[in-house]
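Chemist: When you get a sec, could you give me coordinates for this:
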Amino acid sequence: MGPENPPPVMNPPLHILVVDDELNIRKTLMVCLETEGHVVTAVSNVKDALAEASRESFDLAFLDLRLGTDDGLELIPALLAATPWLKIIVITAYASIDTAVEAMRRGASDYIPKPFTPAQITLAVRKVFEVRTLEQKVAALQEDLGREHPEIVFSSTSPAMQRAVNLARQAAAAEATILLRGESGTGKTVLARAIHSWSSRAAKPFSQISCPSFPPELLESELFGHVKGSFTGAVRDNPGRIAASEGGTLLLDEISDLPLPLQPKLLRFVQEKEYERIGDSLTRKADVRLIAATNANLEDAVKEGRFREDLYYRLNVIPIEVPPLRERGGDIVVLAERLLAFHGRNNHRTFLGFRAEAISAMAAYRWPGNVRELSNTIERAAILCPGAWIGAECLPASLIPGGASVKIGDPVSLETVEEHHIRRVLASVKSLQEAADILGIDQATLWRRRKKYGL
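Modeler: Numbers count the residues shown, from 1 in each chain. Sure thing, here's the model as predicted:
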């Protein structure tokens, strides 16, 4: 390919497995692929191929159909079981329509007969790169469509928020683990997504796990994966979120709720990038950047023995404090206007803005649920307000001075009483654990209630 028609830049590189029993073919493929900047592992037999696939996640495999006495066709489903998103290009000197059809039936993506040219290999790899990039974009778009809030633009009049965003932009270019700290609803997940999009991993997956949303026995499976039959209900292999995030970023939300038995396993992955699936003794590797987020005081959790000190220091390499909305008073109205435009579009409404009394009420309110609560408040107004202007009458009673009191026996639903009580308790305490203790529920239940009411 001449300089007048340069190849597309493929960044980040693909991780490629070559399986061929001919040394010259392996060398030729390695030179061709490494020249393009890809990371290549080459083996000569089925046993070594399965061993490599069990230790590391690959994007692409070149597979010879004749591996000595082994049949390469038999290897296709085994490779796909280890890495479901793997693209397999079959290469063989025994080219025929029958073998091509059978290879595709078993899951191969493409078919190249021997002898082949470097140009054929380069073209095939670029096709795979384009497909993988599109798949990852589609997955990201599908996840975005399922979210209930818009992206919040990170312009702010708050010096604390400006510091957080500037530090996040700097940290995005590095590979160090980041710890996002701040109250619930301040936008830590949105900032984590932004860090991923600003990094060199942007073309790879972004995934997240909320630690309190899974029972301890299932959280390990969700994180590291499991093999079929490893426990009751494990009816199929699960690669886990770490494997699914290969090359990308994994956000561990509410990291303070990570069960103690899992903490040494996460520490090992942070240090060595190695782990095992439940029910499997094979050690696997993954290239995944971790971002942790918490609204709890991890130093107190360490002192109380609920969080390992060595894991805390490994996660706290670059701490970023996201300030609460009440400390970003100058941002409230700007955020509210953006959210009104967003929720207006979603509900096929056009609004002219907020009336003065609504602006005053929003500016005076302390927003214990932070940006998430603001978003839910504006969404409610966009649905219920009959006119083009949002007045104070369109806002919840809790935002209006003198109108926030809900008493036992008032003609309101139990849900309303519960919401107001949880809101007040959260606003009066320093940690979720303290709020849960006052309410007489565990943190997982409190997390579900906060999600339900947008707190």
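
Chemist: For V417, grab the count of nearby residues.
Modeler: Residues within reach of V417, counting by other Cβ atoms under 10 Å, total 15. For every residue, glycine as well, the C-beta is placed using N, CA and C.

Chemist: For it, pull up the helix or strand it's in.
Modeler: Using DSSP states H and E, V417 falls within helix 414-428.

Chemist: ok, and for that helix, which residues are buried?
Modeler: Buried residues in helix 414-428, counted by 16 or more other Cβ atoms under 10 Å: 416, 419-420, 422-423, 425-426.

Chemist: correct me, but T189 touches E254?
Modeler: No. Checked against Cβ atoms under 8 Å, the pair T189 and E254 is beyond contact range at 10.5 Å.

Chemist: joint contacts of those two?
Modeler: Residues touching both T189 and E254 by Cβ atoms under 8 Å, 6 or more residues apart in numbering: A293.

Chemist: more neighbours, these two?
Modeler: Neighbours were counted for T189 and for E254 using other Cβ under 10 Å; E254 has more, 22 against 19.

Chemist: Hmm, that one is touching C211, no?
Modeler: Yes. With contacts counted by Cβ under 8 Å, E254 reaches C211, the gap being 4.8 Å.

Chemist: can you give me the angle the next helix or strand after the helix holding V417 makes with helix 414-428?
Modeler: Along the chain past helix 414-428, the next helix or strand (assigned with DSSP H and E) turns out to be helix 432-439. For helix 432-439 against helix 414-428, the angle by axes from the mean of the first three to the mean of the last three Cα atoms, to 10 degrees is 130 degrees.

Chemist: got the contact list for the helix or strand that comes right after helix 432-439?
Modeler: Proceeding C-terminally, helix 432-439 gives way to helix 443-453 as the next helix or strand, assigned by DSSP H and E. Residues from elsewhere that reach helix 443-453 (Cβ under 8 Å, 6+ apart): 184, 210, 212-213, 254, 257, 369, 376, 418-419, 422-423, 426, 432-433, 435-436, 439, 441, 455.

Chemist: Could you pick out the buried ones from those residues?
Modeler: Using 16+ other Cβ under 10 Å, the buried ones in the contacts of helix 443-453 are 184, 210, 212-213, 254, 257, 369, 376, 419, 422-423, 426, 432-433, 435-436, 439, 455.

Chemist: my read: E74 touches V46, true?
Modeler: Yes. Applying Cβ under 8 Å, one finds E74 in contact with V46, separated by 7.4 Å.

Chemist: who's more crowded, those two?
Modeler: Just comparing E74 and V46: by other Cβ under 10 Å the higher neighbour count belongs to V46, 21 against 12.

Chemist: Quick check: which element contains L180?
Modeler: Assigned by DSSP H and E, L180 belongs to strand 178-181.

Chemist: next one: the helix or strand following that strand to chain centre, how far?
Modeler: Following strand 178-181 in sequence order, the next helix or strand is helix 188-198 (DSSP H and E). The chain centre lies 9 Å from the centre of helix 188-198; the measure is Cα atoms, centre = their mean, to the nearest Å.

Chemist: So what does P215 have for phi and psi?
Modeler: Torsion angles at P215 (phi, psi; degrees, to the nearest 10) stand at phi -60, psi 150.
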